[in-house]
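# structure for this input, please:
(chains A, B and C)
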Amino acid sequence: MGDAAEPWVLHVDLDEFIAAVEVLRRPELAGLPVIVGGRGDPTERAVVSTASYAARTYGIGSGMPLKLAARKAPPDAVFLPVDAPTYEAASEQVMAALRDLGVVVEVLGWDEAFLGVTTEDPEAFARRAQEAVLASTRLHCTVGIGDNKVRAKIATGFGKPRGIFRLTADNWVEVMGERPVIDLWGVGAKVSKRLAAHGITTVDQLAAAPREVLVAEFGPRMGVWYGDLGRGLGPAVVDDSPWIARGHSRETTYQHNLTTPEQVTAAVRELAAQVADDAAREGRPVFRVTLKVRYAPFVTKVVGRKLPEPTRDPGAVVAAALALTDRLEPGREVRLLGVRAELVMPEAGDPAERTPVRGRL
DNA sequence: TCTGGGGTCCTAGGACCC
DNA sequence: TCTGGGGTCCTAGGACCC
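Predicted structure coming up:
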């Protein structure tokens, strides 16, 4: 193995993060099936944010409706409400521990980060990262090692839990070649189906697919991107510049459908006021407002409008959201409402520089 | 089973302009 | 006289991720 220091991408991913944070403050929950989601009431409309490994053995996982999780859960299962501020704080601690290693840290979410590391022994560095996180937070993590972000991210899955796995051009085909395309980061159920219609089901087949076929099916950017994904190709630059959101949104699924226009108006007003607040706190003007509605049983529409000119006035944001309610279909029961504000970027970067990526590679 | 909330980016089509 | 070609802006819809 390498004697020379080389650049590596490490992907650090906390193990059962949210459940683990909950167990930290309630040690008596250790080893139990812990399910965190919504307000912690499994009779409500909500989904599982994280299930502990013990809960996963019952087939409970992220994204599953709480009602269904309750049916699968054993009697000793514990349902807890999502406590975002606490996870935020734990996440900050994790990221701080990683930054203390003296490397570039690109935060991907509460429980994930890429590290840009130049080292002759990435496994040793990965162990150091795990130890640092554990010492600082008592949380365990898995580290994927790659020669780019795609491979590092996918490598993590093979290291779970608490492990380390290396995935590079050298072992890509051996490790991933026979696997279904849906195992790739950025390929979901829909794309997987569309690929299957072209006889493409494995990573090897995707890698070998003619570019024209993929471009014809998915367009010039995504087609090329999927082809690269099949070969494990992707960006390797880890960027720690601060994240600037393009917009902010607030949405609510109502426990009971809204049935009257008055209810809808009041709800939109409330959501829009929150969004206007979020925007105001950043001091950035809003240039577009969108209204999302989910009609019963589960039909989602989004309507939006660019404002005549960008505004910092919260009242204008609320007014724009309310104006959009004219475009809702009258008489339909509403399950969810959401308002989103798009914000003027401080310094619009060159769009040609953008990489087409899912999940912010 | 009955489906959260907060994000990102891409694509397609129509309008408009030269 | 059966129909340009390109570019940009805007909106809606779709897909994916944590």
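# distance-wise, check the residue in the stretch 1-150 of chain A that DNA strand C sits nearest to relative to A:P7.
Residue of the stretch 1-150 of chain A nearest DNA strand C, by CB to the nearest atom of the strand: A:G109 (2.7 Å). Quick note: C-beta positions are derived from backbone N, CA and C, even for glycine. A:G109 sits 23 Å away from A:P7, taking CB to CB, to the nearest Å as the criterion.
# who does the residue of the stretch 1-150 of chain A closest to DNA strand C form a beta bridge with?
Beta-bridge partners recorded for A:G109 (DSSP bridges): A:E112.
# tell me how many other residues surround it.
12 (other CB atoms under 10 Å).
# what does A:R39 give?
By other CB under 10 Å, 13 other residues sit near A:R39.
# swap in A:M64?
By other CB under 10 Å, the residues close to A:M64 number 16.
# report pLDDT for the nearest residue to it once chain neighbours are set aside.
In this structure, A:M64 finds its nearest non-sequential neighbour in A:V48, 4.8 Å apart by CB to CB, 6 or more residues apart in numbering. With respect to pLDDT, A:V48 has a value of 97.
# and A:V224, that's in a helix?
Yes: under DSSP: H, G, I helix; E, B strand; the rest coil, A:V224 sits within a helix.
# would you agree it is in contact with A:V215?
Yes: taking contacts as CB atoms under 8 Å, A:V224 lies within contact range of A:V215: 6.6 Å.
# still on that earlier bit, residue contacts, the residue nearest to A:M64?
By CB atoms under 8 Å, 6 or more residues apart in numbering, the residues touching A:V48 are A:35-37, A:60-66, A:69.
# which one of these is nearest A:R305?
Within those, distances to A:R305 taken as CB to CB reach their minimum at A:G63, with 31.2 Å.
# show me the contacts for the closest one.
Contact partners of A:G63, counting by CB under 8 Å, 6+ apart, are A:47-48.
# A:A19 too?
Applying CB under 8 Å, 6+ apart to A:A19 gives the contacts A:34-36, A:50-52, A:55.
# now cross-check those residues against DNA strand B and list the overlap.
Near DNA strand B, judged by CB under 7 Å from any atom of the strand, there are no entries from these.
# compare those and tell me which is most surrounded.
If you count neighbours using other CB under 10 Å, the busiest of the contacts of A:A19 is A:I35, which has 31 neighbours.
# just checking, that residue touches A:P74?
No: using CB under 8 Å, A:I35 is not in contact with A:P74; the gap is 10.9 Å.
# for the stretch 1-150 of chain A, which segments are assigned as helices?
Counting by DSSP state H, counting those that start in this stretch, the stretch 1-150 of chain A has helices at residues A:17-25, A:53-56, A:66-72, A:84-99, A:122-137, A:149-159.
# thanks a lot, see you next time.
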